[in-house]
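Trainee: Coordinates for the following, if possible.
(one chain, ligands or ions: 2)
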Amino acid sequence: MKAYRASLLWFAPHSEGPVRALFEEDGLLVVGPNAAGNQVVQAIGSYRDVVDRYPGVAVEHFPGRIIAPGFVDMHVHYPQTNVIGSPADGLLPWLENYTFPEEKRFAAPEYSAQAATFFIAELLRNGVTTALTFATSHTESVNALFTEAQAQHMRIITGLCLMDRNAPAELLNQGQGTVGATEQSLRDTEALIQRWHGKDRLGYAITPRFAPTCTEAQLRGAGDLAQQYPDVWIQSHVAENKDEITWARELFPQSRSYLATYDDFGLMRQRAVYAHCIYLDDADRALMRDTGTAAAISPTSNLFLGSGFFDYAGADRVGFQYGLASDVGGGTSFSPFHTMLGAYCVGREGQTKQGLSLHPQHLWWQHTAGAARALGLEGVVGNLLPGCEADFVVLNPKATPLLARKTALAANLDELLFSMIVLGDDRLVERTVVSQAL
Ligand code: GUN
Ligand code: ZN
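Mentor: Ligands and ions are numbered 1, 2, ... in the order given. From the prediction side, this is the model:
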């Protein structure tokens, strides 16, 4: 067992009602192994109340620092690190001119391996300890990321990108011998599930890139696998950009909407996560809610690519789950602080209707406990309640002169959180600790 003394930030259990951050100025976080040998939170509270219950446990003291849950990035592309900051008229030309050419390079295992190493290090440097991430359509890229994530004890969920049409030949899933590309992509998916899903802290996500680059047969096969393996994740993109929607509607005119296309192929359920979800109507929102599907909101990407603004008021009115995501390389930063600030600005767009979503506690929750809940990982990551895996960040609110000046003025928790959301970046994250298996 080990204990950490610092200011502590965490969240009240969801069962207790609306989102509420908890803060202990002089706190103690005690971590120790669970039955499976993973480090989990044993106790959290004020130093005075907790310390006597753990005599002899070594205490590491971080004066002036804040320990908070590791961040959860609900949607990011590890092969797009080099694509950050590539300007384009919109999503489709951006994919064609920058993203697809870079993703082609991941056919080479060495290229994938160095990109995976950089990506995992960059997540950790920014305080992200759990991520649902795209790889490319090459199995090499998936194996490289899982291998590196396992070595770093990271909770990473990823999968083979399924695309069997409407993309450059080098990026379409490849057949082998007499087996066609579509069938091979489904066989590869199943083999990767069996190799990686549930191993240490790794999870598999069935990953149709988006409906326009998948045939009906591929979406149907993906849906069949999703039914066969109910605890694997599903990830894709939906309703991000108006040209994309027009294209998807032309390809799948029989579905009620672009989103409903995924439902028609059995790809909406708990642990299904759709990035963007900007242009939904209320029937779509009800479909999200009723199937237990979650949205990954990517404000910096949506602003950079000019895609649009997520409708928080609509989501809260109908009541489906969502959380925050960087969406690097459409997104402009790995930093959860930049993403939370982007979400705040997007929330302002519908200010008169918003309320809760603009609140600093709610923004922070969307990138930690709320994102974990949307991923079906409530009580596992994204919080520091007893039993949660011990993934946390040590924040230095005096990391820059301006942060020091501003956070010193904070009169309450909301002002402190908001100062960090607005001024924070990787410099605020002094240390990232991930739960280690013993
Ligand atoms: N839609 C399909 N592929 C992508 C991608 O790589 N990034 C974004 N932002 N949207 C997509
Ligand atoms: Zn994406």
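
Trainee: so which strand or helix has the residue nearest to the spatial centre of the chain?
Mentor: Among the residues of the chain, the one closest to the centroid is residue 74, at 1.6 Å (C-alpha atoms, centre = their mean). If you go by DSSP states H and E, residue 74 is part of strand 71-77.

Trainee: Can you spell out which helices and strands pack onto the helix or strand following that strand?
Mentor: Proceeding N to C from strand 71-77, the next assigned helix or strand is helix 91-94, under DSSP H and E. With contacts taken as 3 or more C-beta pairs under 8 Å, 6 or more residues apart in numbering; DSSP states H and E, helix 91-94 sits against helix 242-251. Every C-beta, even on glycine, is put in place using the N, C-alpha and C of the backbone.

Trainee: quick one: pLDDT of residue 357?
Mentor: We have a pLDDT of 53 for residue 357.

Trainee: Also the one 3 residues further on?
Mentor: Note on residue 360: pLDDT of 97.

Trainee: Residue 426 and residue 335 touch, don't they?
Mentor: Yes - applying C-beta atoms under 8 Å as the test, residue 426 and residue 335 come out as touching, 5.7 Å apart.

Trainee: ok, now which ones touch the closest residue to residue 139 other than its chain neighbours?
Mentor: Counting by C-beta to C-beta, 6 or more residues apart in numbering, residue 139 lies nearest to residue 188, which is 5.4 Å off, once chain neighbours are set aside. Residue 188 sits next to 139, 160, 173 when contact means C-beta atoms under 8 Å, 6 or more residues apart in numbering.

Trainee: could those residues be laid out in a markdown table, adding secondary structure and distance to residue 363?
Mentor: Compiled in a markdown table, those are given as follows (DSSP: H, G, I helix; E, B strand; the rest coil; distance: C-beta to C-beta, whole Å):
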| residue | secondary structure | distance to residue 363 |
| --- | --- | --- |
| 139 | helix | 37 |
| 160 | coil | 33 |
| 173 | coil | 38 |
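
Trainee: List just the nearest of the residues you listed to residue 309.
Mentor: Residue 309 has its nearest neighbour among these in residue 160, at 31.4 Å by C-beta to C-beta.

Trainee: isn't that closest one right next to residue 140, touching?
Mentor: No - look at residue 160 against residue 140 with C-beta under 8 Å: they stay out of range, at 10.1 Å.

Trainee: Looking at the two, which one has more neighbours?
Mentor: Ranked by neighbour count (other C-beta atoms under 10 Å), residue 160 and residue 140 place residue 160 first, with 26 against 17.

Trainee: how near is the more buried one to ligand 2?
Mentor: 15 Å (C-beta to the ion, to the nearest Å).

Trainee: Name all residues that make contact with the closest residue to residue 140 other than its chain neighbours.
Mentor: Closest residue to residue 140 in three dimensions, ignoring its sequence neighbours and counting by C-beta to C-beta, 6+ apart: residue 109, at 4.5 Å. By C-beta under 8 Å, 6+ apart, residue 109 lies in contact with 140, 143, 144.

Trainee: do residue 126 as well
Mentor: 71, 334, 335, 336, 426, 429.

Trainee: which of those sit farthest apart?
Mentor: Between any two of the contacts of residue 126 (C-beta to C-beta), the greatest distance is 11.5 Å, for 71 and 426.

Trainee: Tell me the residues on the protein that lie near ligand 1, please.
Mentor: By the rule C-beta under 6 Å from any ligand atom, the part of the chain lying against ligand 1 is 77, 91, 95, 99, 209, 210, 237, 240, 301, 327, 330.

Trainee: element containing residue 331?
Mentor: Using DSSP H and E, no helix or strand contains residue 331.

Trainee: got a list of what it touches?
Mentor: The neighbours of residue 331, taking C-beta under 8 Å, 6+ apart as the test, are 76, 84, 298, 300, 301, 304, 325, 339.

Trainee: Quick check: closest non-adjacent residue to it.
Mentor: residue 301 (4.0 Å).

Trainee: Look up phi and psi at that neighbour.
Mentor: Per-residue torsions, residue 301: phi -70, psi -50 (degrees, to the nearest 10).

Trainee: and it, how many neighbours does it have?
Mentor: For residue 301, using other C-beta under 10 Å, the count is 28.

Trainee: Next secondary structure after the lowest-mean-pLDDT helix or strand in the chain?
Mentor: Within the chain, no helix or strand scores below helix 351-354, which has a mean of 51 by mean pLDDT, DSSP states H and E. Counting by DSSP H and E, the next helix or strand C-terminal to helix 351-354 is helix 360-366.
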